[in-house]
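Peer 1: fold the following for me, if possible:
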Amino acid sequence: MTTDRETTDAWREHWQDEADAAFLYRVLAEAEPSTEKKDLYRRLADVEDRHTEIWAKVLGDNGVTMGVPSPTARARVLAWTARRFGPSVLTGMLLREEGREVKGYLALHRDSAPGAAKDAALTLAKESAEHAETLGGMAGVVGEPWHQAGSGGFLRNVVYGFNDGLTANFGLVAGVIGASVGPHVVLVSGMAGMIADALSMGSSGYLAAKSEQEVYAHEIAMEKEEIRLMPELEEEELALVYEARGIEAPRARAMAAEVMRDPQRALAEKVREELKIGDQRSTPLREGLVTGTATAIGALIPVAPFLVMSGTPAMATSFTISMLSHFAVGGARSVFTGRGVIRSGMDMFVVGVGVAAVGYFVGGLVARAL
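Peer 2: Model (predicted):
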């Protein structure tokens, strides 16, 4: 039996994705202080190993021999992040990855001809869904996580803040250079742009997180008052939530009655099960500081050469390190988008060239008009 190149390439990609997942779960197990979660990550890694073997067999049956898998560059970056900042940093991203696998395997099952690949896709879709629900439980996500998983948290704020500062200030510096002004004007403009962009992004991150906290606090306060004033109705609602999860009605009612005996426990359960609000691991101040700092670092890159040199060498160095940084941040964004590192890096590289060209052209026009 033979298959076309496009199909076998897709199977190879699934094989590599599963191998990367096994690698990452083992890294998380090493970094996780909780014995219970450590064991969970190890079991997830074992299942991913079996998934890798399934795809190796499908490929082998179609004349494609696979060797011993090794982690991709993207997986190694994620592993370093988990070791440096802790497993919780990657929980949201892994949840998104498992959700992407569920959707991808279901589509593969739907589109494949009857055979081993079609059967494997359905099996893997079911097991990936179980993985997503397991990770969702760890992250406080209820329901089908592949429909609601976010890119999540600290790492996202760092990457996108850095990207915003780099791109915006690179365009500003290019525009000032296009206006053919003195080196000190380029430096002052770049530093002012860096400070303004960092304060803008930092305050936006702070206000967004603060508004979210206020909404959550309002919803929780309302739920607390409803439990006090209408305990019978709240107990009935909680029982229905349990039933929706597949628990038989008598058992669901008994569980709800037991929970409602303790108002604090009842509130925590209603917040998690009904309002779908998980534990908040961040604060508005932290969100603002992380986003603002990352933006400032990104914005400093195009300006830094003008701190130690001037003229053509400074401009050439600024352009070079800015373009390399655009490629790097594009590759980092692939952590959240699931695209290849090279392709994502080239996309951002092209964006950087476009920003520089437009900024330089507009700066020159304005200078000639004055």
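Peer 1: separation between the closest residue to residue 355 other than its chain neighbours and residue 299?
Peer 2: In this structure, residue 355 finds its nearest non-sequential neighbour in residue 171, 4.3 Å apart by CB to CB, 6 or more residues apart in numbering. Using the backbone N, CA and C atoms, a C-beta is placed for each residue, glycine as well. For residue 171, the distance to residue 299 equals 11 Å [CB to CB, to the nearest Å].
Peer 1: what of residue 235?
Peer 2: 54 Å.
Peer 1: where does the stretch 201-350 of the chain have low pLDDT?
Peer 2: Applying pLDDT under 70 to the stretch 201-350 of the chain picks out residues 244-245, 273-282, 334-340.
Peer 1: just to revisit the earlier point, the more surrounded of residue 235 and residue 299?
Peer 2: Neighbours were counted for residue 235 and for residue 299 using other CB atoms under 10 Å; residue 299 has more, 30 against 19.
Peer 1: which helix or which strand is home to that one?
Peer 2: In this assignment (DSSP states H and E), residue 299 forms part of helix 284-300.
Peer 1: how about residue 176?
Peer 2: Judged by DSSP H and E, residue 176 forms part of helix 153-178.
Peer 1: other SSEs contacting that helix?
Peer 2: The contact analysis (3 or more CB pairs under 8 Å, 6 or more residues apart in numbering; DSSP states H and E) places helix 153-178 against helix 73-85, helix 88-111, helix 183-229, helix 284-300, helix 311-337, helix 341-369.
Peer 1: show the average pLDDT along that helix.
Peer 2: In this model, helix 153-178 has an average pLDDT of 84.
Peer 1: got the angle between the helix or strand that contains residue 272 and helix 183-229?
Peer 2: Taking DSSP H and E as the definition, residue 272 sits inside helix 263-273. Relative orientation of helix 263-273 and helix 183-229, computed by axes from the mean of the first three to the mean of the last three CA atoms, to 10 degrees: 130 degrees.
Peer 1: just checking the distance from helix 263-273 to the centre of its chain.
Peer 2: How far helix 263-273 lies from its chain's middle: 28 Å, per CA atoms, centre = their mean, to the nearest Å.
Peer 1: CA atoms only: put it into PDB for me.
Peer 2: Extracted C-alpha coordinates of helix 263-273, given in PDB (Å, rounded to 0.1, in the frame of the first residue of the first chain):
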ATOM      1  CA  PRO A 263     -21.400  28.100  52.900                       C
ATOM      2  CA  GLN A 264     -17.700  28.700  52.100                       C
ATOM      3  CA  ARG A 265     -17.300  25.400  50.400                       C
ATOM      4  CA  ALA A 266     -20.600  26.000  48.500                       C
ATOM      5  CA  LEU A 267     -19.300  29.400  47.300                       C
ATOM      6  CA  ALA A 268     -16.000  27.900  46.100                       C
ATOM      7  CA  GLU A 269     -17.900  25.100  44.300                       C
ATOM      8  CA  LYS A 270     -20.400  27.500  42.700                       C
ATOM      9  CA  VAL A 271     -17.600  29.800  41.600                       C
ATOM     10  CA  ARG A 272     -15.700  27.000  40.000                       C
ATOM     11  CA  GLU A 273     -18.600  25.000  38.500                       C
END
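Peer 1: for the remainder of this discussion, apply numbering that starts at 25.
Peer 2: Fine by me, first position is 25 from now on; the one you just mentioned is helix 287-297.
Peer 1: now that helix: buried residues?
Peer 2: Buried residues in helix 287-297, counted by 16 or more other CB atoms under 10 Å: 290, 291, 293, 294, 295, 296, 297.
Peer 1: could I get those residues as JSON lines with distance to residue 329?
Peer 2: JSON lines is the format used below for the buried residues of helix 287-297 (distance: CB to CB, whole Å):
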{"residue": "290", "distance to residue 329": "60"}
{"residue": "291", "distance to residue 329": "56"}
{"residue": "293", "distance to residue 329": "57"}
{"residue": "294", "distance to residue 329": "56"}
{"residue": "295", "distance to residue 329": "51"}
{"residue": "296", "distance to residue 329": "51"}
{"residue": "297", "distance to residue 329": "55"}
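Peer 1: mind telling me what element the residue nearest to residue 70 when sequence neighbours are not counted is part of?
Peer 2: Leaving aside its chain neighbours, residue 70 sits nearest to residue 46 (7.9 Å; criterion: CB to CB, 6+ apart). Element membership for residue 46 (DSSP H and E) is helix 29-55.
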